[in-house]
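Chemist: sequence plus the predicted model coming up.
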Amino acid sequence: MIKLKTLAVNLGMIFASLFVGVAIAEVGVRIAGLEGLKKMPESTHAEFYPTFHTIPHPVRGWEYKANVSGWWTSEGKAYLEFNSHGLRGPEITKSKPENTLRIAVLGDSFTSAVQVSYQQTFVAVMEKELGKCADLKGQKVEVINFGVDGYGTAQQLLTLREKVWDFQPDIVLLAFFMGNDVTDNSRQLENNHYRPFFVYENGKLELDLSFRQLSISQANRYMITTVDKLPTWLINNVRILQIIKKVEADQRKRNAARYFENLQANNFREPSNSAWQEAWKITDELIGIMAKEVQEKGAEFKVATVMTPMQVHPSKGWREGYMKIMNIQDWSYPIKRLQNLGETYNFSVIDLVEPFDDYVAENPVCVHGFKNTTMCTGHWNATGHKLAGEIIAEKLCEGL
């Protein structure tokens with residue numbers, strides 16, 4: 001009996017010491033102002049880091065929040081402002097002003113471009129440069145940014161149907177990112193399943209919204225941390241647990257980035273298996289549907305190719321070494337495929353890769369990357385956006 005009492009006392013002292021230690025550490029991290037990550041609620045956008053400007057959407061999975069603003073500093077640095085329509089950019093009316101050419105730009109994070117100020121985005125540069133186009137004969141130009149980070153072609157098509165037509169565009173431009181737009185459209189290849197997919201049923205593409213029934217843990221295997229298994233109230237009230245969650249989430253994000261890099265290389269070769277064959281087939285058909293719907297509305301449809309950082313890395317030796325390591329066979333494969341698709345569906349493709357390549361050959365600089373991340377990686381910086389906006393504007397002006 002005495003031994004049991006002694007054991008109980010010892011255990012009690014151990015737990016009391018642990019509690020006091022945790023309490024002291026908790027006070028310390030709060031005084032120091034250290035931040036972590038809170039637990040995400042179920043049934044919301046499956047992101048590693050919840051953002052102030054992103055909210056759930058029942059059809060598209062997520063969208064941008066209307067009338068919010070704040071700083072983005074994770075990659076680059078920019079003060080973000082979203083208008084009353086949940087679009088990045090200045091306030092606009094749905095009704096098109098007289099004597100105005102309106103261009104709607106659909107895309108992903110390269111289009112929303114939260115890494116740079118709005119005036120530095122290729123969308124804003126396009127608008128400014130097109131204002132100089134003599135063939136417009138004094139017509140005003142409005143370029144509207146419908147880009148949302150993480151969107152694939154399926155969500156861009158749904159955005160076209162649900163949102164774009166309210167603004168009566170004359171031209172719809174799809175900014176196609178060759179790094180992951182194809183995998184975003186495939187349930188087999190994409191990690192984040194908290195999104196709509198178009199799937200084949202009896203040989204026909206049908207919209208699948210089953211993501212609505214997914215829990216976060218089912219939605220993305222790279223996102224859930226060990227801490228997330230604890231009760232929400234505990235995580236969201238204990239700063240130490242939030243810090244531990246952030247450390248693990250950062251590691252998982254790095255693991256996901258490595259997986260993504262290996263997956264990305266498959267975009268630059270003929271489809272190697274049935275999963276990739278289907279992913280490309282779905283993507284081709286979705287773009288074809290988009291082109292047809294735009295043309296039926298009396299507007300023009302165009303595609304611009306957005307490249308990965310390695311496609312235009314300023315060091316050709318680095319680029320060639322990367323191609324060898326990743327077994328990349330043809331950087332231009334997606335472009336050729338899109339151009340062939342354009343011939344079928346009667347739309348033009350604005351290839352940004354070649355002029356970007358020419359630019360970095362003469363000016364060996366990184367058009368991707370930022371000082372607070374790594375240069376020549378990630379998204380376009382201000383140089384990349386300026387170049388893209390000028391090229392697209394020039395090509396559009398030639399076609400007016």
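Modeler: Cool, the structure landed.
Chemist: C-alpha from now on. contacts and neighbour counts both.
Modeler: OK.
Chemist: show me where this structure has its helices.
Modeler: 2-32, 109-112, 122-130, 153-162, 181-184, 216-219, 232-235, 239-264, 274-296, 316-326, 333-345, 353-362, 382-399 (DSSP state H).
Chemist: buried ones in the fourth one?
Modeler: Of all the residues in helix 153-162, those buried under the rule 16 or more other C-alpha atoms under 10 Å are 153-160.
Chemist: output those residues in JSON lines, with distance to residue 285 and pLDDT appended to each entry.
Modeler: Below are the buried residues of helix 153-162 laid out as JSON lines (distance: C-alpha to C-alpha, whole Å; pLDDT from 0 to 100):
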{"residue": "153", "distance to residue 285": "10", "pLDDT": "99"}
{"residue": "154", "distance to residue 285": "10", "pLDDT": "98"}
{"residue": "155", "distance to residue 285": "14", "pLDDT": "98"}
{"residue": "156", "distance to residue 285": "13", "pLDDT": "99"}
{"residue": "157", "distance to residue 285": "11", "pLDDT": "99"}
{"residue": "158", "distance to residue 285": "14", "pLDDT": "99"}
{"residue": "159", "distance to residue 285": "16", "pLDDT": "99"}
{"residue": "160", "distance to residue 285": "15", "pLDDT": "99"}
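Chemist: and which of the residues you listed is nearest to residue 102?
Modeler: residue 160 (14.2 Å; C-alpha to C-alpha).
Chemist: now that closest one: how far from residue 297?
Modeler: Counting by C-alpha to C-alpha, to the nearest Å, the separation of residue 160 from residue 297 is 11 Å.
Chemist: tell me how the protein divides into domains.
Modeler: 1-30, 97-399 (automatic domain parsing).
Chemist: of all those domains, which one is nearest residue 56?
Modeler: Among the domains of the chain, domain 97-399 comes nearest to residue 56, with 10.0 Å by C-alpha to C-alpha.
Chemist: can you pull the pLDDT of the closest residue to residue 82 other than its chain neighbours?
Modeler: Distances taken as C-alpha to C-alpha, 6 or more residues apart in numbering put residue 88 closest to residue 82, at 4.6 Å, once the chain neighbours are dropped. Residue 88 carries a pLDDT score of 98 in this model.
Chemist: next one: residue 43
Modeler: Residue 43 is assigned 44 on the pLDDT scale.
Chemist: could you do residue 257 as well?
Modeler: With respect to pLDDT, residue 257 has a value of 72.
Chemist: can you check residue 198 too?
Modeler: In the prediction, the pLDDT value recorded for residue 198 is 98.
Chemist: any idea how far residue 284 is from it?
Modeler: Noted for residue 198: a distance of 12 Å to residue 284, by C-alpha to C-alpha.
Chemist: repeat for residue 339
Modeler: For residue 339, the distance to residue 284 equals 11 Å [C-alpha to C-alpha].
Chemist: quick one: low-confidence parts of the stretch 151-300 of the chain?
Modeler: For the stretch 151-300 of the chain, the stretches with pLDDT under 70 are 215-223, 233, 235.
Chemist: identify the residues contacting residue 87.
Modeler: 64, 66, 145-147 (C-alpha atoms under 8 Å, 6 or more residues apart in numbering).
Chemist: what is the neighbour count of residue 297?
Modeler: Neighbours of residue 297 under the rule other C-alpha atoms under 10 Å: 12.
Chemist: and what of residue 330?
Modeler: As a burial measure, residue 330 scores 15 neighbours (other C-alpha under 10 Å).
Chemist: chain neighbours aside, what residue packs nearest to it?
Modeler: For residue 330, ignoring the flanking residues on the chain, the nearest one in space by C-alpha to C-alpha, 6+ apart is residue 268 at 5.2 Å.
Chemist: mind listing what that neighbour touches?
Modeler: Counting by C-alpha under 8 Å, 6+ apart, the residues that residue 268 touches are 328-334.
Chemist: am I right that residue 312 is in contact with residue 353?
Modeler: Yes. Using C-alpha atoms under 8 Å, residue 312 is in contact with residue 353, at 7.2 Å.
Chemist: between these two, who's got more neighbours?
Modeler: In terms of neighbours (other C-alpha under 10 Å), residue 312 is the more surrounded of residue 312 and residue 353; the figures are 25 against 20.
Chemist: identify the residues contacting that one.
Modeler: Residues in contact with residue 312 (C-alpha under 8 Å, 6+ apart) are 319, 353, 356-357, 360, 367.
Chemist: quick one: which of these is the most crowded by neighbours?
Modeler: Ranked by neighbour count (other C-alpha under 10 Å), those have residue 367 at the top, with 27 neighbours.
Chemist: correct me if wrong: that residue contacts residue 378.
Modeler: No. With contact defined as C-alpha under 8 Å, residue 367 does not count as touching residue 378 (9.8 Å).
Chemist: show me the common contact partners of the two, please.
Modeler: residue 309.
Chemist: what distance do you get for residue 357 to residue 398?
Modeler: Distance, residue 357 to residue 398, by C-alpha to C-alpha: 21 Å.
Chemist: cool, residue 132 as well?
Modeler: 12 Å.
Chemist: okay, these two: which has more neighbours?
Modeler: residue 132 (15 against 11).
Chemist: just to revisit the earlier point, please, a ChimeraX command that selects the buried ones among the contacts of residue 268?
Modeler: Typed into ChimeraX, the next command selects the buried ones out of the contacts of residue 268 (criterion: 16+ other C-alpha under 10 Å):
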select :328,331,332,334
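Chemist: report the lowest-confidence entry in the contacts of residue 268.
Modeler: Lowest pLDDT within the contacts of residue 268 is found at residue 329 (87).
Chemist: my guess is it meets residue 323, correct?
Modeler: Yes. With contact defined as C-alpha under 8 Å, residue 329 reaches residue 323; the gap is 7.3 Å.
Chemist: winner for burial among the domains of the chain?
Modeler: domain 97-399 (a mean of 18; mean count of other C-alpha atoms under 10 Å).
Chemist: let me see the contact set for residue 127.
Modeler: Residue 127 neighbours (C-alpha under 8 Å, 6+ apart): 141-143, 393.
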